[in-house]
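Participant: quick one, fold the following:
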Amino acid sequence: RAYPAERARDAMGLLTERLGHLFDASGSLTDEGRLVAVVVYVLVVLVVLRRGKKFLIHAFPSNVREYVPYRHDARGTDTVCVDCTHPRLPTLTHHKESSTPAYLKGDTSTDVVMNALTDPAGWQPMRVASKVTCNHFDVDGVLSVWACINPIAARKHETLVRAIARLGDMREMAFQKDGSIAVGSRAAAALKFCAWMNAVEALEFSKPFEGDEAEASAKKYAYFLPLVKDALEVVAYDVRDAKNLEEQKSMDKDAIETKRVVTKTRGKRLRFELGDAESRVVIADAKRLFDDTQTTVTFEHDLNVAFIETEGFPCHYYALFSVVKDADVVVSTHGERKYEVEARYVGFVDFRSRPTTPRMDLGLLAKFLNEMEDDVKLAAANAGTPSLTWECAGFTDSGPLLRLGDPNRRLSKAQRYGSPRDRPHFASTIPPEVFKNTVASFFRHALESIARVNGTAGGAAGVAKVGWTWKETRNAHDAVDWSKWEPPRWR
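Facilitator: Numbering: from 1, shown residues only. Here you go, the predicted structure:
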């Protein structure tokens, strides 16, 4: 049995024997030894530089210092663009067919920016640029811009920032089975932040898509960017995750009380109470939607379409779209034969977390629904409002909304983008079951036709994928032979 000292002597002897040719009799390096020494030195330097680069990328992931208004003719490397596309600037966005690197892509633009700030390789254009721009203002946009300018603070609140952006853009949040929001959850914090920003934006400026979007956006960014950090601190205070609990354990009673008072003072200064009304609406609507005595939810898995039938008035988007998160299309029924069909935003962007189906032109469905309506009964059912028609924007719109409307008073984009509660609704003459079957038949025919052309299995499973481009979406739509669609007849 060899003891450690003996094994060490044996190893040294073997090493001396193997490396002996690198030294001469005087112990100096031979020519071969000097060559080996140079190679080893270079390798060590490369390893040190590589680790140093990773450290610097992590410590200084962004050089961006300020927001500048969007200019279509901008060019160069001193400005990066987030949450929208640009023909000449480096871009980080979730929009289709952008220059965003594949390894950074995510569901929201905030996801994309956070991926750039946390990936070991980082994103080189953000380390070069000193400015960031965006062509519109919304929750996802302002968080994307803010994260570029405040990378360390953004990483501190990474999970929360991602949750807020998802609620603001995808209108998805985590409810409990009874429709309530868990106390101390990120969902509660995300709702508090979004409701606050929505309320202050409408009070101080205008609702999204009202007025001159470019001019309004510049003013909104100037106002909100300095407030985001404090607002995140306010909503993060109540989050009961492992990080916060561990931090509280390390604090004495005085420090905890000081933090509570500071947070409360910040909340009052930022006027967080302005968002309370919207938060209450969302929570009330969610409880109604998750209550099967008041609401019927049917998710057609083979279509990726959710049918939601509820009593009374329409529901807030934050609650409505959170009931069935895997739906690409939400068909809502409220009150007496009042319907809306919305292609969700997941089909407008390069959604990454799950496969989606390609958007269809709901204008074709609108044409058929108009043929189904009884115009006389339609006017009578809607206080004599004449000429009601089914209408919808094209499938390249951010959120195509198929609904019965007054062609003489078309909804503005702000109304279509806003909560269903904030727009008028009209009753159809089509019975609920017939309407549901007609809509389901429309999407089933589309998906089966696309699957047949692609040589795949029918339904959503055979068609859905990640990474739809607009060209692929148009090709999928063109693959459908609508002359062969046989919708259900009821008269």
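Participant: from here on, contacts and neighbour counts on C-alpha atoms
Facilitator: Will do.
Participant: how much space between W123 and A147?
Facilitator: Between W123 and A147 the distance, using CA to CA, to the nearest Å, works out to 13 Å.
Participant: show me which of these two is the more surrounded one.
Facilitator: A147 (25 against 21; other CA atoms under 10 Å).
Participant: give me the low-pLDDT residue ranges for the stretch 51-200 of the chain?
Facilitator: For the stretch 51-200 of the chain, the stretches with pLDDT under 70 are 53, 55.
Participant: quick one: the strands in it?
Facilitator: 66-67, 79-82, 91-92, 131-133 (DSSP state E, counting those that start in this stretch).
Participant: show me what the last one is packed up against.
Facilitator: Spelled out, it's strand 131-133. Applying 3 or more CA pairs under 8 Å, 6 or more residues apart in numbering; DSSP states H and E, we find strand 131-133 packed against strand 66-67, strand 79-82, helix 139-149.
Participant: got these as JSON lines, with distance to D292 columns?
Facilitator: JSON lines is the format used below for these (distance: least, CA to CA, whole Å):
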{"stretch": "strand 66-67", "distance to D292": "47"}
{"stretch": "strand 79-82", "distance to D292": "41"}
{"stretch": "helix 139-149", "distance to D292": "32"}
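Participant: S483: which of these is closest?
Facilitator: Nearest to S483, of all those, is helix 139-149, at 40.6 Å by CA to CA.
Participant: what bridges to K131?
Facilitator: E66, T79 (DSSP bridges).
Participant: cool, and L402?
Facilitator: V341.
Participant: cool, and T295?
Facilitator: When bridges are called by DSSP bridges, T295 pairs up with T310.
Participant: pretty sure it contacts T310?
Facilitator: Yes: assessed by CA atoms under 8 Å, T295 is found in contact with T310 at 4.3 Å.
Participant: joint contacts of these two?
Facilitator: Common neighbours of T295 and T310 are listed as 288-289 (criterion: CA atoms under 8 Å, 6 or more residues apart in numbering).
Participant: tell me the pLDDT at W490?
Facilitator: On pLDDT, W490 comes in at 68.
Participant: mind giving me the packing neighbours of the helix or strand hosting E371?
Facilitator: Element membership for E371 (DSSP states H and E) is helix 362-372. If you count contacts as 3+ CA pairs under 8 Å, 6+ apart, helix 362-372 packs onto strand 389-391, strand 401-405.
Participant: for T295 and T310, indicate the residue with more neighbours.
Facilitator: Higher neighbour count among T295 and T310: T310, with 24 against 17, using other CA under 10 Å.
Participant: and the gap between that one and H58?
Facilitator: The gap separating T310 from H58 is 49 Å, by CA to CA.
Participant: and for S398?
Facilitator: On the measure of CA to CA, S398 and H58 end up 35 Å apart.
Participant: just checking, L191 touches E278?
Facilitator: No: look at L191 against E278 with CA under 8 Å: they stay out of range, at 9.0 Å.
Participant: work out the gap between stretch 358-378 and the centre of the chain.
Facilitator: Put simply, stretch 358-378 sits 30 Å off its chain's centre (CA atoms, centre = their mean, to the nearest Å).
Participant: what of stretch 453-460?
Facilitator: Per CA atoms, centre = their mean, the centroid offset for stretch 453-460 relative to its chain is 28 Å.
Participant: endpoints of that stretch, how far apart?
Facilitator: First-to-last distance for stretch 453-460 - CA to CA - comes to 14 Å.
Participant: same deal with stretch 405-424?
Facilitator: 8 Å.
Participant: contacts for that stretch next, please.
Facilitator: So stretch 405-424 is contacted by 207-210, 313-317, 385-391, 399, 401, 425-426 (CA under 8 Å, 6+ apart).
Participant: let's see that with 7 Å instead.
Facilitator: 208-210, 314-317, 387-391, 426 (CA atoms under 7 Å, 6 or more residues apart in numbering).
Participant: out of those residues, which one has the lowest pLDDT?
Facilitator: pLDDT across the contacts of stretch 405-424 is lowest for S387, at 79.
Participant: could you report the neighbour count for it?
Facilitator: 14.
Participant: ok so it is a helix residue?
Facilitator: No: using DSSP: H, G, I helix; E, B strand; the rest coil, the assignment for S387 is coil, not a helix.
Participant: excluding chain neighbours, what is closest to it?
Facilitator: Closest residue to S387 apart from its sequence neighbours, by CA to CA, 6 or more residues apart in numbering: D406 at 6.6 Å.
Participant: next one, pLDDT for the one you found please.
Facilitator: If you check D406, the pLDDT there is 89.
Participant: repeat for R18
Facilitator: Model confidence at R18, expressed as pLDDT, equals 67.
Participant: follow-up on the earlier one: neighbour count: L191 and E278, which is higher?
Facilitator: L191 (25 against 18).
Participant: so how far is Y417 from the residue nearest the centre of the chain?
Facilitator: Centroid-nearest residue in the chain: T108, 2.9 Å away (criterion: CA atoms, centre = their mean). T108 is 17 Å from Y417, where distance means CA to CA.
Participant: kindly report the same for A327.
Facilitator: Distance from A327 to Y417, by CA to CA: 18 Å.
Participant: which of these two has more residues huddled nearby?
Facilitator: Neighbour tally, A327 and Y417, criterion other CA under 10 Å: the higher count belongs to A327, 23 against 18.
Participant: got the contact list for the more buried one?
Facilitator: Applying CA under 7 Å, 6+ apart, the residues contacting A327 are 304-306.
Participant: same list, the residues you listed, but as JSON lines with neighbour count please.
Facilitator: Output for the contacts of A327, formatted as JSON lines (neighbours: other CA atoms under 10 Å):
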{"residue": "N304", "neighbour count": "22"}
{"residue": "V305", "neighbour count": "26"}
{"residue": "A306", "neighbour count": "24"}
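Participant: how about K177: what's its closest non-neighbour residue?
Facilitator: Closest residue to K177 in three dimensions, ignoring its sequence neighbours and counting by CA to CA, 6+ apart: F290, at 6.9 Å.
Participant: tell me who's in contact with the one you found.
Facilitator: 177-179.
Participant: ditto for L143
Facilitator: Taking CA under 7 Å, 6+ apart, we find L143 in contact with T110.
Participant: same deal with R171?
Facilitator: R171 sits next to 317-318, 321-322 when contact means CA under 7 Å, 6+ apart.
Participant: buried ones in the longest helix along the chain?
Facilitator: Counting residues, the longest helix in the chain under DSSP state H turns out to be helix 31-59. The neighbour-count criterion (16 or more other CA atoms under 10 Å) identifies 33, 54, 57-58 as the buried residues of helix 31-59.
Participant: swap in stretch 446-463?
Facilitator: Those would be 446-452, 458-463, for stretch 446-463 by 16+ other CA under 10 Å.
Participant: where's the dip in pLDDT among the residues you listed?
Facilitator: Among those, G458 has the weakest pLDDT, 76.
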